[in-house]
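S.K.: Take a look and give me a structure for this.
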Amino acid sequence: MWALFMRTIEDIGLKAMEHSSILMPVLLAFLRDGDSGVAGKSIVCGTNFFCRVLEEITMQFRWHGKVERWLEELWTWMVRFKDAVFAIALEPGLVGTKLLALKFLETHVLLFTSDSNDFENFTKEGSKQTFNISWLSGGHPFLDPVSLTSEANRMLGTLMDLLQSACNLPGSVIITVVN
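M.R.: Coordinates of the predicted model:
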């Protein structure tokens, strides 16, 4: 039942993105649910949403020279989501939820790690591409590529620290960090 509910939140949020700020408090509340299935679905849904919002912000600025206010507000919610998931990844808790939080951190690191050869893929409006930090090379009103890359590097360092303390972690967490 929770899986269907979370899928509905994701579907509504992605189809009516300009109104999805209303859904974000619910998504954040579900991150702290005692049921690891609910928290896990919230992380998966939020990860998909995070990526889509990032792409939308980048495309709006790239093609229209501005980012609408509702999207800036939504990005603020995405930052809150990222911070909450980062805390879940580092604090003691259920292994299943922690694994999904670590997968989100991996996604975050990959999103904000430069692949300068990929800039050519962002050439046509409406093309379905995975975000690449190099798309922000021309500047952006509130997405600073230097600070985003720096944050990704810090997260990578945190993942490396977790790997160094592998003897204190459950086997599945070690495998996730290695991957």
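
S.K.: my guess is Gly96 contacts Asp35, does it?
M.R.: No. Under the criterion of Cβ atoms under 8 Å, Gly96 makes no contact with Asp35, lying 10.2 Å away. Heads up, the C-betas are built off the backbone N, CA and C, glycines and all.

S.K.: Model confidence for Gly126, exactly?
M.R.: Turning to Gly126, the model gives it a pLDDT of 45.

S.K.: again with Phe50
M.R.: According to the per-residue confidence, Phe50 scores 92 in pLDDT.

S.K.: go on, Leu169?
M.R.: The per-residue confidence score, pLDDT, reads 61 for Leu169.

S.K.: before we move on, what about Thr130?
M.R.: Per-residue confidence for Thr130 comes out at a pLDDT of 69.

S.K.: Repeat that for Ala84.
M.R.: What the model reports for Ala84 is a pLDDT of 96.

S.K.: Numbering from 441 from now on, please.
M.R.: All right, first residue 441 from here; so that's Ala524.

S.K.: Next one: it from Ser590, what distance?
M.R.: Applying Cβ to Cβ, to the nearest Å, one obtains 20 Å for the distance of Ala524 from Ser590.

S.K.: and what of Lys543?
M.R.: Lys543 sits 21 Å away from Ser590, taking Cβ to Cβ as the criterion.

S.K.: of the two, who's got more company?
M.R.: A direct count of neighbours by other Cβ atoms under 10 Å for Lys543 and Ser590 places Lys543 higher, at 18 against 12.

S.K.: is it true that that one touches Thr487?
M.R.: Yes. Counting by Cβ under 8 Å, Lys543 sits close enough to Thr487 to count as a contact (7.3 Å).

S.K.: and the gap between Asn593 and Lys455?
M.R.: Per Cβ to Cβ, Asn593 is found 34 Å from Lys455.

S.K.: out of these two, which sits in the busier spot?
M.R.: Asn593 (13 against 9).

S.K.: Where does the more buried one fall, secondary structure wise?
M.R.: Following DSSP states H and E, the helix or strand that holds Asn593 is helix 585-604.

S.K.: So for that helix, mean pLDDT?
M.R.: What helix 585-604 shows for mean pLDDT is 85.

S.K.: Might you calculate how far it sits from the centre of the chain?
M.R.: Using Cα atoms, centre = their mean, to the nearest Å, we find the averaged C-alpha position of helix 585-604 to lie 14 Å away from the chain's own average C-alpha position.

S.K.: and if you look at stretch 459-467?
M.R.: Averaged over its C-alpha atoms, stretch 459-467 has a centre that lies 15 Å from its chain's centre (Cα atoms, centre = their mean).

S.K.: and if you look at stretch 527-535?
M.R.: 17 Å.

S.K.: So which bits of that stretch are buried?
M.R.: For stretch 527-535, the neighbour count (16 or more other Cβ atoms under 10 Å) marks 528-529 as buried.
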